[in-house]
Structure formats: C-alpha cells, structure tokens
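J.: Show me how the following folds:
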Amino acid sequence: MRSMPDFVCSKCARAFAVPQAALDKFPGWVPKTCRDCKAAQGGAGAGKAPQARRSPAAGSPWKAKSAAGPTEENITVAEVLARYSAGPTTGLFTDGAAHPNPGPGGWGAVYVIEDRVVAERCGKEPSTTNNRMELVALREGLALVPKGVPAVIWSDSQLCVNTFTRWAKSWEARGWKRKEGEIKNLELVQEVYEQLVARPDLELRWIAAHQGQRWNEYADALATAYRRSER
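T.: Down below sits the predicted model:
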C-alpha cells in the first residue's frame, strides 16, 4: 500500500499534505482546506493551524466523526445524484453510520468510474458503532474493485485512513498490540489491513464528509438506508 497525502481539500477536492509537526502541535486538528483555497478566500488565516483542541481520551484513538461538523442529511441515492455533482468521479467510496452510537447502524460502498456506478453494496446491523460500520464498509467495498485494477479508496473516516496508512504496520509488528491499550474491532482491522497489503495497487485516501462531494454523499446514503424505506 503506497503512502498518500494526508488530506483532501473540501473546496477543490485535491489532495494536500500537512507536516506531521503541525499535526502533532495541534491534536485533534483535521485540516479541511488546502493553502491555495485558503488564499483564494482572501488570505485570512491562510496556512495557519487552528487553536489546539483537546485530545481524545488516552488509550482510545477510535472516536466518532466530529460532532461539530456537517451532519448526515438522510437522503436517498436518487436525491444525492440530483443534488450533487462535485468531487472525485472515479474510485471506491465507503461510509458507515450508527444512530444512536452505539445503536442500529449501516454501511455502504460504491465503485465508480468516470461518474458511472460500476457496483455498489450496503448492509446493516441491529447493534453496532460508527467505527465498526466504517471498517465493514471498507472490507466489503474492496471486493467491488477487480483484482489487479488500480483504484483510489475514499473514506471520510480520518480514523480508518490513519489506521491503515500510519498505525497498522507497527501494531502488526508488536503482535497486534498498542502501547496505549487494546485495538478496537481488531478482527476487522486485521482483515482490512491484510487485503490492503495484498493489493498495493489500491490507495486509501481521506475525503471530507458532508461537503457536497457526490460519491461520498452517495456512500453515506447507502450507509443510512437502514433508516429509510428506500435507498
């Protein structure tokens, strides 16, 4: 699995990197806009990191999506297609949801080439968590991409992306143990990591949630289908 830039700009959808030193200095900061787009907005605050926010509780890197960010719209895939057109047009898009968290949940994955759906799938569980559904979406979604076909996998879970691009290799080297405590949903983490390692032609990237990017919104609609009478 190749190393990729850390973030995707919510304005232009281009990948951009942030120095690790800056991320370490501001725990909990999730950059959403690249330097060029910040400058285009008038330059105010361009390139500056926000004030530091409180870190997650020690021993648990697994946390839900930010409650301060945009929320799910709970709309159908047809409504998504009618409403949104921005964002990447090719790749595998995955998402997971639970409401309340923990509680009933669902997952969704859609494989798209040039704005055309090639394959999709979704599912649900009666009692689960957001994080578990994000992992299931990745596991199930990977099967939609034919073996040997390069593809970008888009996930709006920073946690999932960091798990497989930063942490899993060292966890495996330590016998699947973390210095800070247990690895939640370990069996799913191991399954997804094994698949990604076996397929170096797949590149896992982060995409901003609920920013009007069509296929991320579509995956979200699949993940929340369990809450509606239609997808």
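J.: Tell me which residues of the biggest strand by length in the chain come out buried.
T.: Longest strand in the chain, counting residues (DSSP state E): strand 116-128. For strand 116-128, the neighbour count (16 or more other Cβ atoms under 10 Å) marks 120, 122, 123, 124, 125, 128 as buried. Bear in mind the C-beta positions are built from the backbone N, C-alpha and C, glycine included.
J.: Can you list the neighbours in contact with it?
T.: With Cβ atoms under 8 Å, 6 or more residues apart in numbering as the test, strand 116-128 has contacts from 98, 102-112, 132-133, 136, 140-141, 144, 222-223, 225-226, 231.
J.: from those, which ones fall inside strands?
T.: Checking those against DSSP E, those in strands are 98, 103, 104, 105, 106, 107, 108, 109, 110, 111, 112.
J.: My guess is the fourth one contacts residue 95. True?
T.: No - taking contacts as Cβ atoms under 8 Å, residue 105 lies outside contact range of residue 95: 11.0 Å.
J.: C-terminal to the worst-scoring helix or strand of the chain on mean pLDDT, what's the next element?
T.: Within the chain, no helix or strand scores below helix 20-25, which has a mean of 65 by mean pLDDT, DSSP states H and E. As assigned by DSSP states H and E, the chain's next helix or strand after helix 20-25 is helix 35-40.
J.: helices and strands around the following helix or strand past that next one, which ones?
T.: The C-terminal neighbour of helix 35-40 among helices and strands, as given by DSSP H and E, is helix 77-83. Helices and strands touching helix 77-83, by 3 or more Cβ pairs under 8 Å, 6 or more residues apart in numbering; DSSP states H and E, are helix 214-223.
J.: what stretches of this protein score poorly on pLDDT?
T.: 1-8, 10-15, 20-21, 23-28, 40-72 (pLDDT under 70).
J.: same thing but 90
T.: Applying pLDDT under 90 to the chain flags residues 1-74, 178-181, 229-231.
J.: Does residue 165 touch residue 204 like I think?
T.: Yes - assessed by Cβ under 8 Å, residue 165 is found in contact with residue 204 at 6.0 Å.
J.: Pick out whichever of those two has more residues nearby.
T.: The neighbour comparison of residue 165 against residue 204 (other Cβ atoms under 10 Å) goes to residue 204, with 22 against 19.
J.: check contacts around the more buried one.
T.: 1, 4, 152, 153, 155, 160, 161, 164, 165, 196.
J.: and of those, the nearest to residue 176?
T.: The nearest member of the contacts of residue 204 to residue 176, counting by Cβ to Cβ, is residue 164 at 13.6 Å.
J.: Might one say that that closest one is in contact with residue 197?
T.: No - assessed by Cβ under 8 Å, residue 164 is found out of contact with residue 197, at 9.1 Å.
J.: who's more crowded, these two?
T.: Taking other Cβ under 10 Å, residue 164 and residue 197 do not tie; residue 164 has more neighbours (22 against 14).
J.: Surely the more buried one is within a strand?
T.: No - counting by DSSP: H, G, I helix; E, B strand; the rest coil, residue 164 is not part of a strand but helix.
J.: And stretch 207-220, what's buried?
T.: Per 16+ other Cβ under 10 Å, stretch 207-220 contains these buried residues: 207-211, 213-220.
J.: Please tabulate those in JSON lines, including the columns distance to residue 9.
T.: Below are these laid out as JSON lines (distance: Cβ to Cβ, whole Å):
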{"residue": "207", "distance to residue 9": "10"}
{"residue": "208", "distance to residue 9": "8"}
{"residue": "209", "distance to residue 9": "14"}
{"residue": "210", "distance to residue 9": "15"}
{"residue": "211", "distance to residue 9": "10"}
{"residue": "213", "distance to residue 9": "11"}
{"residue": "214", "distance to residue 9": "16"}
{"residue": "215", "distance to residue 9": "16"}
{"residue": "216", "distance to residue 9": "13"}
{"residue": "217", "distance to residue 9": "17"}
{"residue": "218", "distance to residue 9": "20"}
{"residue": "219", "distance to residue 9": "19"}
{"residue": "220", "distance to residue 9": "19"}
